[in-house]
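Chemist: When you get a sec, could you give me coordinates for this:
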Amino acid sequence: MTKAEDRRFLSLALSLGRRGQGRTWPNPAVGCVIVKHGRIVGRGWTAPGGRPHAEPQALAQAGDLARGATAYVSLEPCAHHGQTPPCTDALIAAGIARVVAPLEDMDPRVSGEGFARLRAAGITVTTGLMSDEAGHDHAGFFLRTELGRPFVTLKLASSFDGRIATATGDSQWITGRGARRLVHAMRSRHDAVMVGAGTARADDPSLTVRDMGIDHQPVRVVVSRRLDLPLMGHLARTAKDLPVWLCHGTDADPTLRKTWEGLGARLTPCDVTGGQLDPLAVLKGLGAAGLTRVFCEGGGALAASLLQADLVDELVGMTAGVAIGAEGLPSLGALGLARLTEAPRFRLRDSRVVGGDVVHIWERGEA
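Modeler: This next block holds a predicted model:
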């Protein structure tokens, strides 16, 4: 295979892996393509719930054609016995001749061992190709493995002057239908959608994915120190049907804790610092529960606390061509900055027009 062909087939494996994003936690969303004589003979991606893994599904589709073929995998094949046998064993048994994968799995149970076992079996292993793309795709899994917290995408939809509502609280709709549909697509690719208590009280959101033709929903997370949330709202009424997780202070009212548990919510007590929930403690609680990718939709206080703690990995801005004015509600709470050099900065990765709005996506790092 030429390098261009390797890139083409590995790119397909990466795209297949992305189909599982939001559905495979706590496992990574991996894609696999089996190619023989330049023809795709098998493909697969991690199934909902994290298993079966991508490789055995692709190998099953390829059958006998896997012998002597090349396997393109978006992450190092696993080499440990979990709830399923190692994918390295399946690749070896199938007679795969070559494996192309972008990077090592940071899980200490794998961490190079998968590649070593493949090479020991006489399989040629090529690594490093498209490692940046794969690193971004698997960032949530890696962050949970290394730091115990999920990858955080913060979405801010606002007017041209950075407001999310008028002085009276009127906010529907600032952005147009196209941008709102994109939000639903983004929700579907994350394990959870997270908002603060103020947003839950003011908007009574459902936080579900709608009109996308998919059959799964992300976990709905509300960060509320006191659990002072509407007991007759959308989240409370649907907590038994779709998961609702509440991150609250250790000092929350025991009666409210019991009430929410009775409604079907999962409760996670978190430390309080400076009068609010410690954002790192919140994320580590979510990571301990298995979440790898969280889509935060505000409000301003929660967004500011995540930015202050340097816990935002990706920033999505949706800017509408409407001006609200200084009396409107800002998209971010106070950051307490004295100097511009103290402000969190991100590097622009993508920008595009969606309907009548501008969508811009930023990642960690200096511009």
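Chemist: where in the protein is pLDDT low?
Modeler: Low-confidence regions of the chain, defined here as pLDDT under 70, cover residues 81-83, 366-367.
Chemist: domains of it?
Modeler: Using automatic domain parsing, the domain ranges for the chain come out as 3-139, 148-364.
Chemist: What's opposite the residue sitting nearest the centre point of the chain in the beta bridge?
Modeler: When C-alpha atoms, centre = their mean is applied to the chain, the residue found nearest the centroid is Arg293 (2.5 Å). The bridge-partner assignment for Arg293, based on DSSP bridges, gives Phe151.
Chemist: Output the contacting helices and strands for the longest helix anywhere in the chain.
Modeler: Ranked by residue count, the top helix of the chain under DSSP state H comes out as helix 3-18. Applying 3 or more C-beta pairs under 8 Å, 6 or more residues apart in numbering; DSSP states H and E, one finds that helix 3-18 makes contact with strand 31-36, strand 39-45, helix 54-62, strand 70-73, strand 98-100, helix 131-137. Any C-beta I mention is one placed from the backbone N, CA and C, and that applies to glycine too.
Chemist: could you redo the ones you listed as a markdown table and give each row distance to Ala252?
Modeler: Converted to a markdown table, the helices and strands packed on helix 3-18 look like this (distance: least, C-beta to C-beta, whole Å):
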| stretch | distance to Ala252 |
| --- | --- |
| strand 31-36 | 42 |
| strand 39-45 | 40 |
| helix 54-62 | 41 |
| strand 70-73 | 45 |
| strand 98-100 | 50 |
| helix 131-137 | 36 |
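Chemist: Pick the most deeply packed of the ones you listed.
Modeler: Relative to the other members of these, strand 70-73 carries the highest mean neighbour count by mean count of other C-beta atoms under 10 Å, namely a mean of 28.
Chemist: What lies in contact with the next helix or strand after it?
Modeler: Once strand 70-73 ends, the next helix or strand along the chain (criterion: DSSP states H and E) is helix 87-93. Outside helix 87-93, the residues within contact range by C-beta atoms under 8 Å, 6 or more residues apart in numbering are 53-56, 59, 71, 77-79, 99, 114, 117-118, 121, 123.
Chemist: same thing but at 6 Å, please
Modeler: The set of residues external to helix 87-93 that reach it, using C-beta atoms under 6 Å, 6 or more residues apart in numbering, is His53, Glu55, Pro56, Leu59, Ala71, Pro77, Cys78, Ala79, Gly114, Arg117, Leu118, Ala121.
Chemist: cool, and stretch 125-133?
Modeler: Contacts to stretch 125-133, defined as C-beta under 6 Å, 6+ apart, come from residues Asp6, Leu10, Leu14, Val99, Val100, Ala101, Pro102, Leu103, Phe115, Leu118, Arg119.
Chemist: Pull out the buried residues from stretch 163-182.
Modeler: Buried residues in stretch 163-182, defined by neighbour count with 16 or more other C-beta atoms under 10 Å: Arg163, Ile164, Ala165, Ser171, Ile174, Thr175, Ala179, Arg180, Leu182.
Chemist: again, but for stretch 116-127
Modeler: Of the residues in stretch 116-127, those with enough neighbours to count as buried (16+ other C-beta under 10 Å) are Arg117, Leu118, Ile123, Val125, Thr126.
Chemist: now swap in stretch 276-290 and tell me
Modeler: Of the residues in stretch 276-290, those buried under the neighbour-count criterion (16+ other C-beta under 10 Å) are 276-287, 289.
Chemist: Helices along this protein, start to end?
Modeler: If you assign secondary structure with DSSP H, the helices in the chain sit at 3-18, 54-62, 87-93, 113-120, 131-137, 139-147, 177-188, 197-203, 234-238, 254-263, 279-288, 300-308.
Chemist: and the fourth one, what does it pack onto?
Modeler: Based on contacts counted as 3 or more C-beta pairs under 6 Å, 6 or more residues apart in numbering; DSSP states H and E, the elements that helix 113-120 packs against are helix 87-93, strand 124-126.
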